[in-house]
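Peer 1: Below is the sequence, then the predicted model.
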Amino acid sequence: MKQTIKLSILIFSLFFISCKEAQKTVETTTKMYSGKYEIKSLHSRQLERKLFFTIDSKEKKISGKTDCNTYFGNYVVTNTHKLEIEPLGVTKMYCEENVMEVESKLFKAFSDTNTFNFDNNMLTFFNKEGDLIIRAYKMNN
């Protein structure tokens, strides 16, 4: 009976420690994502204009400015590569049609984001089908 209790305590302790370590790893990893990014492609197409966004991984916020409007919102990372960007708040200025079209595609890409990858300062967002929808590079601040 004593061995069963000791074994149960040992298993519980190992489980608890491993959960804490996994949480620390995710927290440490997400800190490196904080910063300003330049979007290089949207739906695998190079952008003619420069677009930027900023990630604050401590506050779980994303924000940016297009050639027309400013946007901001929250995001949730549910495991190491699963990402949900919540509906964005956006200013409502009207601009040239081609600018509004790119902006609309960007906001749709953010809402369609399902997973991400971060490698060598390149941040990529993918939809549920696994298609690349945003490719951005972290800028040196």
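Peer 2: Here it is on my side, so go on. Numbering: from 1, shown residues only.
Peer 1: Helix or strand: which one has Ser104?
Peer 2: helix 97-112 (DSSP states H and E).
Peer 1: Please, which helix or strand holds the residue nearest to the spatial centre of the chain?
Peer 2: The geometric centre of the chain, computed from its C-alpha atoms, lies nearest to Leu83 (Cα atoms, centre = their mean), at 5.5 Å. Counting by DSSP H and E, the element that carries Leu83 is strand 83-85.
Peer 1: just checking, next helix/strand downstream of that strand?
Peer 2: Sequence-wise, the next helix or strand beyond strand 83-85 is strand 89-90, with elements assigned using DSSP H and E.
Peer 1: need the longest strand for the protein.
Peer 2: In the chain, with assignment by DSSP state E, the single longest strand is strand 45-56.
Peer 1: can you pull out the helices in the chain?
Peer 2: Counting by DSSP state H, the segments of the chain that form helices are 2-31, 97-112.
Peer 1: which stretch in these is the model least sure about?
Peer 2: Among the helices of the chain, helix 2-31 carries the lowest mean pLDDT, at a mean of 49.
Peer 1: Show me this protein divided up by domain.
Peer 2: Here the chain is described, according to automatic domain parsing, as comprising the domains 1-31, 34-138.
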